[in-house]
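# coordinates only, no sequence provided:
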């Protein structure tokens, strides 16, 4: 007699089904998301139990990325035995701000290690986090090792140079990611300032005009006074406008230019 393994319906896993529903609702409120992206999100939720609300996943430029916090929670849920990280001195140059780390993940005490390397230097991290290359390299190494260990094919946010951010102990004061701003992120998601700066660089936009446009879009005197949801909405709007018609966007931005007053 042979037995065929059947897939258990989601209705028999109420907690997982609830997580899928919450992830889908929050993703649709946060990003402009397609049916295909929703399908990918559902698969990721079913397989890895990743949570959008906890910052385990992020949708950037139409692609899903996992975060360091999401990978660490996944490792903890699976009773990961150890993560051993050390710098690779022969490839590191502290004077130049270049660091390379090796991370080894042991899923159990007797398992073979899953090894990942991470590097960081001033050329492959955001200008907003210069000086934090050591921590970024360490995080990238850990992320790559964890992705190998648990079979996650997604790239992690922290491996993207434009979205790299230092640990919470590092201070990067700004009107968008200050410690008391509702626009900051403490759950492993990339900061809104990083996303906005990436768009500005990518489409060669005037940062001062973008800031003025953002404040007007959010209905606040200054962008720092806007809620995180409003800023996220503006970033999504700016990205779409830049892709569809950059010239029209430039004209819109120029309307926020302050006229030069003649002085006697």
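Sure, I can see it. Nothing here was measured: the structure is a model prediction, and the numbers come from that model.
# the helix or strand containing residue 116: what's the following helix or strand?
Residue 116 is part of strand 114-120 when elements are defined by DSSP states H and E. Sequence order places helix 133-149 as the next helix or strand after strand 114-120, per DSSP H and E.
# which strands or helices does that next one pack on?
Under the contact definition 3 or more Cβ pairs under 8 Å, 6 or more residues apart in numbering; DSSP states H and E, helix 133-149 sits against helix 68-77, strand 82-87, strand 99-106, strand 114-120. Any C-beta I mention is one placed from the backbone N, CA and C, and that applies to glycine too.
# repeat the analysis, applying 6 Å as the threshold.
Applying 3 or more Cβ pairs under 6 Å, 6 or more residues apart in numbering; DSSP states H and E, we find helix 133-149 packed against helix 68-77, strand 99-106, strand 114-120.
# tell me which of those is the most buried.
strand 99-106 (a mean of 22; mean count of other Cβ atoms under 10 Å).
# can you list the strands that that strand pairs with?
Strand pairing for strand 99-106, determined by DSSP bridges: strand 82-87 (antiparallel), strand 114-120 (antiparallel).
# returning to that earlier point: out of the helices and strands packed on helix 133-149, which is closest to residue 238?
Comparison of the helices and strands packed on helix 133-149 against residue 238 by Cβ to Cβ identifies helix 68-77 as nearest, at 26.1 Å.
# low-confidence ranges, the stretch 51-200 of the chain, go.
The model of the stretch 51-200 of the chain has pLDDT under 70 over residues 161-191.
# host element of the closest residue to residue 253 other than its chain neighbours?
Nearest residue to residue 253 in three dimensions, chain neighbours excluded: residue 209, at 4.0 Å (Cβ to Cβ, 6 or more residues apart in numbering). Following DSSP H and E, one finds residue 209 within helix 207-218.
# list the buried residues for the next helix or strand after that helix?
Scanning forward in sequence from helix 207-218 by DSSP H and E, the next helix or strand is helix 228-244. For helix 228-244, burial by neighbour count (16 or more other Cβ atoms under 10 Å) applies to 230, 231, 232, 233, 234, 235, 238, 239, 241, 242.
# pull out the buried positions in the helix holding residue 209.
Buried residues in helix 207-218 (16+ other Cβ under 10 Å): 209, 210, 211, 212, 213, 214, 215, 217, 218.
# pLDDT of that helix, averaged?
Throughout helix 207-218, pLDDT has a mean value of 85.
# who touches it?
The contact list for helix 207-218, computed with Cβ atoms under 6 Å, 6 or more residues apart in numbering, reads 200, 222, 223, 226, 230, 234, 253, 256.
# between these, which is nearest residue 79?
Using Cβ to Cβ, these come closest to residue 79 at residue 230, 40.4 Å.
# any idea how far the closest one is from residue 249?
For residue 230, the distance to residue 249 equals 19 Å [Cβ to Cβ, to the nearest Å].
# which residues touch the strand holding residue 116?
With Cβ under 6 Å, 6+ apart as the criterion, strand 114-120 contacts 99-105, 133, 136-137, 140-141, 144-145, 148-149.
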